[in-house]
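In: Sequence first, then the predicted structure, then my questions.
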Amino acid sequence: MKRYLVPALITLVGIAGALFAASRFPAVEGLGTKVRLPVYHGALTWATLIAFGFLLLAALWYLFAKSEFTWRWNTAFRWTAVTLWVIGAIFGFIAAYNTWDLSASQSSALQVMSEDPRLVIQIVIMCLGLIILLLPLVFEGKRLRACADVIFVIGSWVLLAWAMNVGDALHPDSPIRNSPELKIKVMFYLIMTFHLVMVVGMSSLFVAAQKEKELKHG
């Protein structure tokens, strides 16, 4: 169990730090302290997209090196990135439901949110990620799965780029980047940094789990 101690502590520090920083995020006019929900979600999303980048690099590294060491990290970043994206997608709907003004619409809140391209793409990527995790049930080849990781990450980035540039989106357009207040930007990036600490901790936990599994199976 010692191999899990440091990764677990790193993960807990990341989670606790992100939550604490989010709780100190300044209230804004209109949403008040409710703004902390979408801010936390946004920071988690960006940290997860960076984790996608780690997954892409690890997959390419494995395709060239083909070692067990590189495969462990490829697998670890896959599980970390997809897990956090699933959590982020669910949290995104919660944040939208609690902060978007849907009172002017005759449709249900769920229907209105389902028409927002960014939320829809989050769900699409989540489903693709879950398929990637289930690939070992169909294909055992590591090289093929690493190739699937590369396609998944690049495809996800393309889908997100499209969703962020399509019209009629209810999702606010880069509120942190467009904010004139330095404190808001600093707090957002602090939350994102703690999420990245969590990414490192989670990935290390998955690597430790793989090492233990290898030892048990000789």
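Out: That came in fine, so what should we check first?
In: Can you check which helix is longest in this protein?
Out: helix 182-216 (DSSP state H).
In: how far does that one sit from the chain's center?
Out: 11 Å (CA atoms, centre = their mean, to the nearest Å).
In: Give me the buried positions along that helix.
Out: 184, 187-188, 190-210 (16 or more other CB atoms under 10 Å). The C-beta positions use only the backbone N, C-alpha and C, and glycine is treated the same way.
In: repeat for stretch 21-39
Out: Here stretch 21-39 shows 21, 22, 25, 28, 31, 35, 36, 37, 38, 39 as buried, counting by 16+ other CB under 10 Å.
In: likewise stretch 149-168?
Out: Buried residues in stretch 149-168, defined by neighbour count with 16+ other CB under 10 Å: 149, 150, 152, 153, 156, 159, 160, 163.
In: Then stretch 9-16?
Out: Applying 16+ other CB under 10 Å to stretch 9-16 flags 10, 11, 14, 15 as buried.
In: Could you tell me which of those residues belong to helices?
Out: Those of those lying in helices (DSSP H): 10, 11, 14, 15.
In: Could you say which helix or strand holds the nearest residue to residue 61 once chain neighbours are set aside?
Out: Nearest non-adjacent residue to residue 61, counting by CB to CB, 6 or more residues apart in numbering: residue 70, 4.8 Å away. When secondary structure is defined by DSSP states H and E, residue 70 falls within helix 68-99.
In: Next, name the residue at the spatial heart of this structure.
Out: Nearest to the geometric centre of the chain sits residue 48, at 2.8 Å (CA atoms, centre = their mean).
In: Please report the distance of it from residue 182.
Out: Distance, residue 48 to residue 182, by CB to CB, to the nearest Å: 25 Å.
In: is it true that residue 58 touches residue 73?
Out: Yes. Counting by CB atoms under 8 Å, residue 58 touches residue 73, with 4.7 Å between them.
In: before we move on, the earlier item: okay, angle between the helix holding residue 70 and helix 182-216 too, please.
Out: For helix 68-99 against helix 182-216, the angle by axes from the mean of the first three to the mean of the last three CA atoms, to 10 degrees is 140 degrees.
In: what's the weakest-modelled helix or strand in this protein?
Out: Within the chain, no helix or strand scores below helix 109-114, which has a mean of 58 by mean pLDDT, DSSP states H and E.
In: before we move on, the earlier item: ok, the residue nearest to the centre of the chain to residue 160 distance?
Out: 11 Å.
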